[in-house]
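Asks: Build me a model from this:
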Amino acid sequence: MAPTAALNDETLRQAKQNFQAMDKNGDGQLSFDEFREGLGMLGMNPKFCTMLFNAFDKSGDGFIDTREFVASMAVMMHPDNTEQQIALAFDAYDLNKDGKLDRDELRQVIDAIFSTMATMGVVPDRRNPQTAEERADQLFALLDEAGKGFVTAEDYLNLARARPGVIK
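Replies: Numbers count the residues shown, from 1 in each chain. Predicted coordinates:
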């Protein structure tokens, strides 16, 4: 994935510097452990960290190279580029990398997010208490309006455009 959201020179320099600091063995790529440690995620849900790692690892080779890191950071650092951020999130959530989300994948994602939030001391909406499974099922129903049994990146993007608060 090429960074279509342009980074200014200083931000690009900082992203590369961050990559180098995370690359503990200096081999030009980040292992899962280097990534996790570098982002300070040692206390976070391992599934959530794995999702982020896999979203950055576009080649699927089990490592994040400088290009993959900078491209993903470019997307994350440009909140105005909703479509690319949604694509990055969908990639993270597509656990088996088949281009579709099924109900079980979405449940795993929401469970990992809830667990990470709990670790961070963030409490889900008290006005609408739901389990992770209930929240995932509700979101899946909104995403899979056609009843296909799966959700595509396009379905995810369409809901994000129509109801951005739901996806957040």
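
Asks: Torsion angles phi and psi at I64?
Replies: Main-chain torsions, I64, degrees, to the nearest 10: phi -110, psi 120.

Asks: surely it meets D57?
Replies: Yes. Using C-beta atoms under 8 Å, I64 is in contact with D57, at 5.2 Å. Every C-beta, even on glycine, is put in place using the N, C-alpha and C of the backbone.

Asks: Give me the contacts around the helix or strand hosting N54.
Replies: Assigned by DSSP states H and E, N54 belongs to helix 46-56. Residues outside helix 46-56 that contact it (C-beta atoms under 8 Å, 6 or more residues apart in numbering) are 32, 35-36, 39, 41, 60, 64, 68-69, 72, 88-89, 91-93, 95, 97, 108-109, 111-113, 115-116.

Asks: about what we covered before: between I64 and D57, which is the more surrounded one?
Replies: I64 (27 against 21; other C-beta atoms under 10 Å).

Asks: how near is the spatially closest residue to that one that is not a sequence neighbour to F63?
Replies: Spatial nearest neighbour of I64, chain neighbours left out: L30 (4.2 Å); criterion: C-beta to C-beta, 6 or more residues apart in numbering. Per C-beta to C-beta, to the nearest Å, L30 is found 6 Å from F63.

Asks: just E133 next, same as before
Replies: 33 Å.

Asks: still on that earlier bit, quick check, pLDDT for the residue nearest to I64.
Replies: Model confidence at L30, given as pLDDT, is 96.

Asks: what's near enough to touch it?
Replies: Listed by C-beta under 8 Å, 6+ apart, the contact set of L30 reads 19, 22-23, 38, 63-65, 69.

Asks: Could you pull out the helices in the chain for me?
Replies: Assigned by DSSP state H, the helices in the chain fall at 9-22, 32-38, 46-56, 66-76, 82-93, 103-119, 132-143, 153-162, 164-167.

Asks: Please identify the buried residues of the fifth one?
Replies: For helix 82-93, the buried set under the neighbour-count rule, 16 or more other C-beta atoms under 10 Å, comprises 84-93.

Asks: again, but for the second one
Replies: For helix 32-38, a neighbour-count test (16+ other C-beta under 10 Å) marks 32, 34-36, 38 as buried.
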